[in-house]
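# Predicted model and sequence below, questions to follow.
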Amino acid sequence: QKKGVIAIDGHSSCGKSTVAKDLAKELGYVYIDTGAMYRAVTLFAMQNGLITDGEILLDELQNKLNDIKITFRYRPEEKKNETFLNGTIVEDEIRGLEVSNNVSAVSTIAFVRHRMVELQKEMGKEGGIVMDGRDIGTVVFPDADVKLFMTASPEIRAQRRYDELKAKDSTDNSLSFDAILENVKQRDHMDSTRKESPLKKADDAILLDNSDMNKQEQMDWIMNVLRERN
Ligand code: C5P
């Protein structure tokens, strides 16, 4: 059987990457985290002084766009996907609140999106991939074999992100649930209302609200859906 494309879209912090990684492992596919690509572009802009107080220097960013090389390395033993920006590992930096606060603004820029979509299409052209993001089923792979659209309530998503960051660094006292909830809501709003490929469920995507599911229940649910489709 030909290896297909599985597109997973949905709101911030609702476990898309967990599902995508588990599915990729289950099916022997490659996982591609497109959010990490937008995060890496955002980090690059921050490092190069192209973002100050949320203001983005568009011309400079556009001029430098081709200097940005994003690559991934997958560690199967740890089920860990690592993101590299121009050869340097940036996995932790791109997950921090500073990048999170700027990434949705960077993601509204049309020339950034066009470049990322081009790279994503290239990465997926042979099939055998699970790609997660916001516009995979609508823009990047409108003909994907399976499309999932994931969501959960903002409070549950903020709690999960809080727990995740806390687990990484339990000594970090700057972590605030309210700030994370605010960030989740703000990103929902920006992602859904932007002009360029806004976050929306593709008509043929399967809706998965995992507010009341644990990981195992969720995986069982998805595998069931995949079986029914075949
Ligand atoms: O998935 P993640 O939360 O890491 O994505 C970070 C941000 O990147 C999102 O809030 C969204 O603004 C943007 N994004 C996007 N299109 C994608 C993936 C992510 O606009 N395909």
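Arrived safely.

# Now tell me what touches stretch 55-72 from outside.
Contacts of stretch 55-72 with the rest of the structure, by C-beta atoms under 8 Å, 6 or more residues apart in numbering, involve 32-33, 36-37, 40-41, 44-45, 48-51, 81-87, 105-106, 109, 111-112, 115, 119. Just so you know, the C-beta spots here come from the backbone N, C-alpha and C atoms, and that holds for glycine as well.

# So what would you say the end-to-end distance of that stretch is?
28 Å (C-alpha to C-alpha, to the nearest Å).

# Narrow the contacts of stretch 55-72 to those in strands?
32, 33, 51, 81, 82, 83, 84, 85 (DSSP state E).

# ok, how many other residues are close to the first one?
Which is residue 32. Residues within reach of residue 32, counting by other C-beta atoms under 10 Å, total 23.

# Also the fourth one?
Burial measure for residue 81: 20 neighbouring residues, criterion other C-beta under 10 Å.

# Look up the closest residue to it, ignoring the ones flanking it.
residue 74 (5.4 Å; C-beta to C-beta, 6 or more residues apart in numbering).

# ok so, going back, show the buried residues in the ones in strands among the contacts of stretch 55-72.
Among the ones in strands among the contacts of stretch 55-72, the ones that count as buried by 16 or more other C-beta atoms under 10 Å are 32, 33, 51, 81, 83, 84, 85.

# Export the residues you listed as JSON lines, with columns for distance to residue 99 and pLDDT.
As requested, these are exported to JSON lines (distance: C-beta to C-beta, whole Å; pLDDT from 0 to 100):
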{"residue": "32", "distance to residue 99": "19", "pLDDT": "95"}
{"residue": "33", "distance to residue 99": "14", "pLDDT": "96"}
{"residue": "51", "distance to residue 99": "10", "pLDDT": "96"}
{"residue": "81", "distance to residue 99": "16", "pLDDT": "87"}
{"residue": "83", "distance to residue 99": "11", "pLDDT": "97"}
{"residue": "84", "distance to residue 99": "15", "pLDDT": "97"}
{"residue": "85", "distance to residue 99": "11", "pLDDT": "98"}
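
# Specify which member of those is nearest to residue 228.
Among those, residue 32 lies closest to residue 228 (C-beta to C-beta), at 25.1 Å.

# Check what pLDDT the closest residue to that closest one other than its chain neighbours gets.
Distances taken as C-beta to C-beta, 6+ apart put residue 131 closest to residue 32, at 4.5 Å, once the chain neighbours are dropped. At residue 131, the pLDDT value in this model is 97.

# before we move on, what about residue 216?
pLDDT, residue 216: 92.
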